[in-house]
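**Student:** build the 3D model from these lines:
(one chain, ligands or ions: 2)
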Amino acid sequence: MPDLDIVPFKDRCQFCRKRRVTKQCDFPKGTGAACSAKACDECAVSLGNEIDLCPKCVEMVVKMQKKL
Ligand SMILES: [Zn+2]
Ligand SMILES: [Zn+2]
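**Tutor:** Ligands and ions are numbered 1, 2, ... in the order given. Here you go, the predicted model:
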């Protein structure tokens with residue numbers, strides 16, 4: 001039947017706005033809370049150990065590493 005998966009707006013990845021959210025960003029924001037941005041499989045970057053980062057945090061980490 002339909003191979004197009006219609007994802008409800010609230011379940012959509014906030015980065016690509018197409019795919020379903022499957023991950024939440026685990027990047028610590030400094031105050032003990034995680035970033036918690038919601039991303040899909042494609043947008044989230046897994047660091048293993050069940051740690052996933054959203055594209056924004058990945059960008060931040062890359063910038064931080066360039067400064068070092
Ligand atoms: Zn996405
Ligand atoms: Zn994040």
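
**Student:** secondary structure class for Val61?
**Tutor:** Look at Val61: counting by DSSP: H, G, I helix; E, B strand; the rest coil, its state is helix.

**Student:** can you show me the helices along this protein?
**Tutor:** 55-67 (DSSP state H).

**Student:** got the residues of it near ligand 1?
**Tutor:** Residues of the chain found near ligand 1, taking Cβ under 5 Å from the ion as the criterion, are Cys13, Phe15, Cys16, Arg19, Cys40, Cys43. Glycine gets a C-beta too; all of them are placed from N, C-alpha and C.

**Student:** switch the cut-off to 6 Å
**Tutor:** Within the chain, the positions adjacent to ligand 1 are Cys13, Phe15, Cys16, Arg19, Ala39, Cys40, Glu42, Cys43 by Cβ under 6 Å from the ion.

**Student:** for these, which one is nearest ligand 2?
**Tutor:** Closest approach between those and ligand 2, by Cβ to the ion: Ala39, at 7.9 Å.

**Student:** neighbours around the closest one, how many?
**Tutor:** Burial measure for Ala39: 25 neighbouring residues, criterion other Cβ atoms under 10 Å.

**Student:** go on, Ala34?
**Tutor:** Ala34 - counted by other Cβ under 10 Å - has 15 other residues nearby.
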